[in-house]
Every structure is written in structure tokens, then in C-alpha cells.
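Undergrad: Sequence and computational prediction follow.
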Amino acid sequence: MNGDVLQLPNMLEFTCIHLIKDPLEQLSLFDPTPPRCSRRTPARKQIGRYTVMSQCLGTGSFATVHLAFDPENHKQVACKSIRTRRDHEIKQVLKEVRILLTLKHPNINEIYDTGENDRFIHIFLQLCTGGDLFTYVSSANSAGIRLCEAESKYIMFQLLKGLEYLHGKHVSHRDLKPENILLYAPGPYPRILIADFGLARPNAYQETLNVCGTVSYLPPEGILALDNKHLGYLGMPADCWSAGVILYVMIWQVPRTALTDGTRL
């Protein structure tokens, strides 16, 4: 079967890969990748008015993001393709779509359109070419370059403006982390956009009993609720805590002399 490994004792391993898969087996829009390493032009598929390219911009547990082109508006967009197997998964994706359709802010990843085929739901989003904040910060640290306090302030200002807009609409993100903050374009002092609203919740002023998000960015009441299922917490204050952790991630390697208030990290 696909993925099976054949191994000769004390010798090589061979992995079975099905070059042609049943639609129900496909995990991404272009799965499997055609074994043509010499191909000069990427494969493409037409979804509605959009031309989706096989060039992958990112992958996750449940979705892949490909480069796409909108010929009507003459611009590139991102196509987030989500594989759905069960009806409740479709409802979860459609909830994310409904939330995104109500949002329009310069610091929130904008949704343009949606499409569906072969149990894939496609969300066409504003294209961001600068990667994510986690990669930006970690790459700088790896190169021996530290984010200065001014740049951290600038990024944090945008993040808080986006959160202010979200919370004004009673929506909580519930999974804020550097990986879910995109940079609109490469370069210093980037414009940032909050992305990935798969765990977002409307009516966020109501208490939730379902702990979700990334543990490292959860507030104390969220951590407490992990082992105490009868406890709940509010999404909007949790977003603010997560934003504070993101700020710490950005400045934790800034030299102490760069901190104007003399705070020791």
C-alpha cells in the first residue's frame, strides 16, 4: 500500500509511493507531485476564475497554501486548500470563512473568495510574501541580528490594532502566535497581518470550556482548564496574553541597554 516500507535485512529500504491516488486519498490539491524533476513550468488547476499553481507557499496539518492568480483583478493571491473528510470538518472550515468574510482591516489577512471541489475547500486570501513572524525573528537571531526595540514596538502596535478591531467585533482568535502572523512583504519594519482563523470564535465575550490554541501562548486560566474540564476562560483576554508572549519572543534577546525602561529580561 502507499507508504509501506520494504526493507532487506541489513540493507536498503524501499518506500512504496502510489503515483496515482484515489481522490479520497489525496491530502493536497496537487497530491501526488508528478515525478518530473525537469519540468520547467509548474502544474496548474482552474478553480472558478482563479488559476492555482503547484508552487506551494506553506503546509500545515490540515491545509496547504498555493500561489494563485486572479485574472479579473490582475493580481496574485494565496489559495488555502483544506482537505475535508467529514461533515463536521466542513462546518468548521465554513465557520472560519464566515468569520473572515466579516473582517476588513489592514492588519488582518483578507479573504477574497471561496471555492469547493473533490472535498477540498479553497479559500482565496491576500498574498503575503514575507513569510511569518516566527521565521523572521528566528532567522535574524541565527544571523546574529537582533530585532531592535523600535521595530518590536512597530510590529506590536500593528498587532494590537488588529486585535482591537477583532475584539470590537466580538471575535477572538484563540491561537495567536508568531507562526500565525504573516509579513506582507520582505524587509525590516514589515506590515503584519493576523492569519489562520481556524480556531477563532464569534461572541467571544462568552466563556468557553474547550481549551484550544498553542500551550506556550495560553494564559494561566487556559493552562488550568487543561486539567480541569469544568473550568472555562474568555477568548479575548487570552488573545491579549498571547500578544504579550509574542512581544517577549521578539525582544527576549535585545541587549538590556536597549530597553528604555531598564527592564531586566
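TA: Happy to help now that I have it.
Undergrad: tell me the pLDDT at Phe120?
TA: Per-residue pLDDT puts Phe120 at 85.
Undergrad: now it: how far from Ser152?
TA: Counting by C-beta to C-beta, to the nearest Å, the gap from Phe120 to Ser152 is 38 Å. (Each C-beta comes from the backbone N, C-alpha and C, glycine too.)
Undergrad: ok now do the closest residue to Val97 other than its chain neighbours, which residues does it touch?
TA: In this structure, Val97 finds its nearest non-sequential neighbour in Thr114, 5.5 Å apart by C-beta to C-beta, 6 or more residues apart in numbering. By C-beta atoms under 8 Å, 6 or more residues apart in numbering, Thr114 lies in contact with Val97, Ile121, His122, Ile123, Phe124.
Undergrad: partner residues bridging Thr114?
TA: Beta bridges link Thr114 to Ile123 when assigned by DSSP bridges.
Undergrad: how much space between it and Gly162?
TA: 22 Å.
Undergrad: go on, Glu151?
TA: For Glu151, the distance to Gly162 (C-beta to C-beta) stands at 17 Å.
Undergrad: show me where the stretch 151-265 of the chain has strands.
TA: Using DSSP state E, counting those that start in this stretch, the strands found in the stretch 151-265 of the chain span residues 181-183, 192-194.
Undergrad: Let me have those in CSV, adding mean pLDDT and mean neighbour count as columns.
TA: Below are the strands of the stretch 151-265 of the chain laid out as CSV (pLDDT from 0 to 100; neighbours: other C-beta atoms under 10 Å):
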stretch, mean pLDDT, mean neighbour count
strand 181-183, 96, 23
strand 192-194, 97, 25
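Undergrad: out of those, nearest to Asn210?
TA: With respect to Asn210, and counting by C-beta to C-beta, the nearest of those is strand 192-194 at 20.9 Å.
Undergrad: helices and strands around the closest one, which ones?
TA: The helices and strands touching strand 192-194, judged by 3 or more C-beta pairs under 8 Å, 6 or more residues apart in numbering; DSSP states H and E, are helix 149-168, strand 181-183.
Undergrad: same thing but 6 Å
TA: Applying 3 or more C-beta pairs under 6 Å, 6 or more residues apart in numbering; DSSP states H and E, one finds that strand 192-194 contacts helix 149-168.
Undergrad: Compute the mean per-residue pLDDT across the helix it packs on, please.
TA: Helix 149-168 comes out with an average pLDDT of 96.
Undergrad: for it, which positions count as buried?
TA: Using 16 or more other C-beta atoms under 10 Å as the test for burial, helix 149-168 gives 149, 151-152, 154-156, 158-159, 161-163, 165-167.
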